[in-house]
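**Student:** have a look; sequence and predicted model below, questions after that.
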Amino acid sequence: MAVQEEPSGARRRRQAAIVPVPTIEDYREFDGGYSPAIWAVLWDEWRCPSCDRTKFQIMRWTKRFPAGRNGGHYMGWQAAFAVHHDHGSDRFGFGADGMFLPRGPERFEKAIICDHCNGADGAAKRKLDLLGTTVSSGPTATA
C-alpha cells in the first residue's frame with residue numbers, strides 16, 4: 001500500500017491527512033468486495049462509462065461493513081459497481097396518478113458503472129425530485 005496526501009476539505013480535516021493508494025499487489029489480491037461477480041468479469045482496462053476511471057482507479061481505502069462479521073467493521077479496499085438500467089422501463093411501476101401500470105421499452109442498454117456514478121445518478125434524481133418518475137438517464141449522462 002502506498003500513501004498520498006489527501007486534498008483538504010471540511011469533512012476530511014477531521015480525518016488523517018494521508019490516504020492509502022492501492023499498489024499493483026493490492027489490486028491483484030482484491031476479491032471484488034461487495035461486487036465480486038462484477039469485479040471478476042470486468043477486464044483490467046475496463047473503464048466506467050460515466051467517469052472513465054479504471055477498476056484500479058476506482059479502488060479506495062474505506063471502512064468496510066461485511067455481512068456475517070458479527071456487525072464488525074474494518075478498514076480495507078473497496079471497489080463497488082452497479083448494473084445501471086432504465087428505471088422507466090421496469091416491468092411495472094406507479095404512474096403520476098398513483099396507478100400501477102406496465103412501463104415502456106428500454107431507452108438505453110444496461111451498463112455496469114462504478115458505485116460513485118450510480119450514487120451520483122440517484123442523488124441528482126433526489127435533488128431534482130425525480131424519484132418515482134419515468135425519468136432515467138443513460139450511463140454517459142451521469143458524468
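**Tutor:** Sure, I can see it.
**Student:** number of nearby residues for residue 22?
**Tutor:** By other CB atoms under 10 Å, the residues close to residue 22 number 20. (C-beta placed from N, C-alpha, C; glycine too.)
**Student:** the residue nearest to residue 75 when sequence neighbours are not counted sits in which helix or strand?
**Tutor:** Nearest residue to residue 75, sequence neighbours excluded (CB to CB, 6 or more residues apart in numbering): residue 63, at 6.0 Å. Assigned by DSSP states H and E, residue 63 belongs to strand 60-64.
**Student:** and the helix or strand following that strand with strand 60-64, angle?
**Tutor:** Once strand 60-64 ends, the next helix or strand along the chain (criterion: DSSP H and E) is strand 74-78. Going by axes from the mean of the first three to the mean of the last three CA atoms, to 10 degrees, strand 74-78 is angled at 140 degrees with respect to strand 60-64.
**Student:** which helices and strands sit right next to strand 74-78?
**Tutor:** strand 60-64 (3 or more CB pairs under 8 Å, 6 or more residues apart in numbering; DSSP states H and E).
**Student:** can you give me the helices in this protein?
**Tutor:** In the chain, the helices defined using DSSP state H lie at 24-29, 36-41, 55-58, 115-127.
**Student:** list the buried ones in the shortest one?
**Tutor:** Counting neighbours by 16 or more other CB atoms under 10 Å, one finds that the buried residues in helix 55-58 are 55-56, 58.
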